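> this one's sequence-less:
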């Protein structure tokens with residue numbers, strides 16, 4: 001039964017038991033995203049909250065269950081708290097409940113639609129079955145949305161196949177609940193064993209397998225934080241894993257209780273992982289990359305960085321405000337409706353937003369562009385127009401800039417162009433390149449300030465400290481103003497941070513601020529800039545492997561280390 005089609009009058013609500021997968025938000029199923037979008041209440045353990053909350057509708061009630069060491073749920077301890085996802089309010093306590101099952105049913109009271117999110121798959125969760133039985137006994141309708149099981153998803157991200165062409169037998173063991181009989185059975189098998197355990201118990205689990213008959217030289221891999229950009233995998237044997245973890249300085253550790261997946265088997269580990277480790281070998285794997293743009297501006301760029309394994313962190317360096325005198329903009333928008341212009345040229349996403357907001361103020365929509373030719377300076381601006389319902393007539397075929405736009409802009413022809421005027425809504429600090437070029441082509445230009453750009457407020461203290469202290473692996477500068485503004489509001493990036501610039505002018509500004517530029521885009525495009533940074537990361541990784549050195553991130557280098565200047 002769908003949570004959106006409850007029978008009329010039902011006051012028991014509806015519960016969706018949802019598998020959130022092993023950690024990567026991209027592994028949520030389409031059905032899971034749909035269920036989250038319709039939920040009234042979201043019940044989730046701490047470790048899956050960030051995975052699911054981004055798909056919940058704004059204002060959904062969010063119930064945090066109490067957690068114990070390693071993030072395991074401990075039913076019946078304390079009073080769960082109710083919070084609002086959008087952060088508009090603080091917390092409010094639910095009535096005290098005895099266990100997670102009662103918590104779920106309490107949340108479903110009054111006909112509310114509840115999503116109960118668990119790590120991995122609900123069918124393998126320790127408590128989900130009991131919660132389903134409790135719902136069934138109480139007459140609360142429920143459904144199950146399967147998720148990617150941790151014991152399957154993590155080895156896939158670690159580059160460790162569980163079966164081969166010979167049809168290797170695969171056994172799954174939870175070391176935290178395994179009995180002596182269970183260890184004896186898997187020890188007697190020569191197939192692959194997938195062990196769910198904790199970091200401080202890996203050696204003990206390996207010992208159980210050896211005691212049960214597995215050879216000490218049997219290969220195994222151990223993966224912590226699987227499917228996330230914190231993932232790390234060690235390759236060893238049952239007999240050497242304790243020493244391997246000790247040499248890697250991961251045991252003893254205050255975080256030793258973190259869940260891990262160990263894969264044991266002759267055909268599943270060391271030899272193949274060197275060739276199949278696709279995730280951890282991404283060019284920017286685990287890199288914290290500072291993107292000095294707003295979330296709206298940085299959306300597609302951040303997605304691209306994530307595809308390279310990076311963790312983007314958006315920090316706005318400018319704020320957009322209305323023009324001080326709005327009358328000029330108001331006259332221009334009215335001129336669009338009355339047929340004053342032959343063309344309108346958009347040089348930024350912010351310009352599209354400014355015109356769209358003015359349209360909405362007057363009760364207009366995209367139909368007001370009928371009969372007017374529309375130009376966009378680049379792909380992102382074009383996408384913003386398409387989202388508005390306007391397909392641009394002109395986008396540069398080459399360089400995405402004012403100069404590129406002029407390369408393709410037709411000269412004014414009094415025979416074919418009934419009107420000789422162009423409306424150019426733009427920022428108060430824009431250059432005159434486009435205006436001068438259009439005039440040279442014979443056009444009259446209404447150069448209108450559609451918005452003002454001002455320096456943004458400083459980011460949180462934690463971000464400022466990370467910028468100055470080397471906590472970021474790279475920073476992408478997309479204009480000279482982003483350099484000046486970031487340094488002004490947050491300080492100069494540490495000398496171990498890789499500096500990537502979109503073009504020569506931006507690089508010159510960076511150098512004037514005492515920064516050494518490591519990467520420059522081959523052409524002025526944010527996506528080419530991200531590609532150039534990925535190439536830099538790939539070369540850096542290859543150089544470390546060729547030298548027999550461990551692959552580290554720039555932020556892991558010793559403070560004060562000199563950085564080589566890149567020729568990228």
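Now that the structure is in, tell me what you want to look at. For clarity, every value in this text was computed on a predicted model and none was experimentally measured.
> name the element residue 358 belongs to?
Assigned by DSSP states H and E, residue 358 falls within helix 349-361.
> Sort out which residues of that helix are buried, please.
By neighbour count with 16 or more other CB atoms under 10 Å, helix 349-361 contains the buried residues 349-356, 358-359. All C-beta spots, glycine's among them, are computed from the backbone N, C-alpha and C.
> which one of those is nearest residue 32?
For the buried residues of helix 349-361, the residue nearest residue 32 by CB to CB is residue 349; the value is 30.5 Å.
> can you name the farthest residue from the center of this protein?
The C-alpha centroid of the chain is most remote from residue 415, which lies 51.7 Å away (CA atoms, centre = their mean).
> okay, it: pLDDT?
On pLDDT, residue 415 comes in at 87.
> now swap in residue 539 and tell me
pLDDT, residue 539: 97.
> swap in residue 560?
Looking at residue 560, the pLDDT reads 45.
> Same question for residue 222.
Predicted confidence (pLDDT) for residue 222: 95.
> what comes up buried for the longest strand seen in the chain?
If you go by DSSP state E, the chain has its longest strand at strand 444-455. Applying a neighbour-count criterion of 16+ other CB under 10 Å, the buried positions in strand 444-455 are 445-451, 453.
> same thing with stretch 176-189?
By 16+ other CB under 10 Å, the buried positions in stretch 176-189 come out as 178, 182-183, 186-187, 189.
> Residue 494: which of the residues you listed is nearest?
Closest approach between the buried residues of stretch 176-189 and residue 494, by CB to CB: residue 178, at 46.4 Å.
> what's around the closest residue to the closest one other than its chain neighbours, how many residues?
Computed as CB to CB, 6 or more residues apart in numbering, the closest residue to residue 178 that is not its neighbour in sequence is residue 208, at 7.5 Å. Residue 208 is flanked by 23 other residues according to other CB atoms under 10 Å.
> which residues touch the one helix or strand residue 208 maps to?
For residue 208, the element it lies in under DSSP H and E is helix 202-211. Identification of contacts with helix 202-211 by CB atoms under 8 Å, 6 or more residues apart in numbering yields 173, 175, 178, 183, 186-187, 193, 195, 197, 216, 218, 220, 222, 238-239, 241-242, 245, 251, 260, 262, 264.
> From these, keep the buried residues only.
173, 175, 178, 183, 186-187, 193, 195, 197, 218, 220, 222, 238-239, 241-242, 245, 251, 260, 262, 264.
> Show me the shaky parts of the stretch 301-450 of the chain.
430 (pLDDT under 70).
> for the stretch 101-250 of the chain, same thing?
Counting by pLDDT under 70, the stretch 101-250 of the chain shows low-confidence ranges at 167.
> all strands of it, in order?
Listed in chain order, the strands of the stretch 101-250 of the chain (DSSP state E, counting those that start in this stretch) span 113-118, 142-145, 170-174, 192-198, 219-224, 232-237.
> Give me whichever of those strands is most buried.
By mean neighbour count, with neighbours taken as mean count of other CB atoms under 10 Å, strand 113-118 ranks first of those at a mean of 28.
> which outside residues touch the longest helix seen in the chain?
Secondary structure of the chain per DSSP state H: the longest helix is helix 526-546. Residues external to helix 526-546 that are found in contact with it (CB under 8 Å, 6+ apart): 281, 283-284, 287, 289, 300-301, 304-305, 308, 380, 474, 476, 478, 498, 500-502, 518-522, 550-552, 566, 568.
> and it, how far out from the chain's middle?
19 Å (CA atoms, centre = their mean, to the nearest Å).
> Pull out the buried residues from it.
So, applying 16+ other CB under 10 Å, buried residues of helix 526-546: 526-537, 540-541.
> Check those and tell me the two furthest apart.
526 and 541 (22.8 Å).
> what does the helix or strand hosting residue 436 rub up against?
According to DSSP H and E, residue 436 maps onto helix 433-440. The contact list for helix 433-440, computed with CB under 8 Å, 6+ apart, reads 345, 347, 402-403, 405-406, 409, 422, 424, 445, 447.
> how far off strand 444-455 does it point, in degrees?
180 degrees (axes from the mean of the first three to the mean of the last three CA atoms, to 10 degrees).
> from the middle of its chain, how far away would helix 433-440 be?
40 Å.
> same check, this time on stretch 208-219
40 Å.
> before we move on, what about stretch 424-438?
Per CA atoms, centre = their mean, the centroid offset for stretch 424-438 relative to its chain is 34 Å.
> List the buried residues in that stretch.
Buried residues in stretch 424-438 (16+ other CB under 10 Å): 424-427, 430, 434-435, 437-438.
> Stretch 466-477 too?
In stretch 466-477, counting by 16+ other CB under 10 Å, buried: 466-467, 470-477.
> Next secondary structure element downstream of the helix or strand hosting residue 49?
Assigned by DSSP H and E, residue 49 falls within helix 46-53. Downstream of helix 46-53, the first helix or strand assigned by DSSP H and E is strand 61-64.
> quick one: which of the contacts of helix 433-440 is most hemmed in?
Going by other CB under 10 Å, residue 345 tops these with 27 neighbours.
> what's across from that one in the sheet?
residue 375 (DSSP bridges).
> these two touch, right, it and residue 408?
No. Using CB atoms under 8 Å, residue 345 is not in contact with residue 408, being 11.6 Å away.
> where along the stretch 1-150 of the chain do the helices fall?
30-37, 46-53, 100-107, 128-138, 150-157 (DSSP state H, counting those that start in this stretch).
> Tell me if I am right that residue 368 is in a strand.
No. Residue 368 is assigned helix when assessed by DSSP: H, G, I helix; E, B strand; the rest coil, not a strand.
> quick one, what contacts it?
336-337, 359.
> Let me know the distance separating it from residue 393.
Residue 368 is 15 Å from residue 393, where distance means CB to CB, to the nearest Å.
> and what of residue 151?
In terms of CB to CB, residue 151 sits 54 Å off from residue 393.
> before we move on, what about residue 446?
Distance from residue 446 to residue 393, by CB to CB: 18 Å.
> cool, residue 411 as well?
For residue 411, the distance to residue 393 - CB to CB - is 16 Å.
> which of those two has more neighbours?
The residue with more neighbours, out of residue 411 and residue 393, is residue 393; 13 against 10, by other CB under 10 Å.
> Excluding chain neighbours, what is closest to the more buried one?
The nearest residue in space to residue 393 (CB to CB, 6+ apart) is residue 373, at 4.7 Å.
> which residues sit in contact with the one you found?
342-344, 393-394 are the contacts of residue 373 under CB under 8 Å, 6+ apart.
> ok, and the most crowded of those?
residue 344 (26 neighbours).
> and the residue found closest to that residue once you drop the neighbours it is linked to in the chain, how many neighbours?
Leaving out its chain neighbours, the residue that sits closest to residue 344 by CB to CB, 6+ apart is residue 423, at 4.5 Å. For residue 423, the count of nearby residues is 22 (other CB under 10 Å).
> That's all I had, so thanks and see you.
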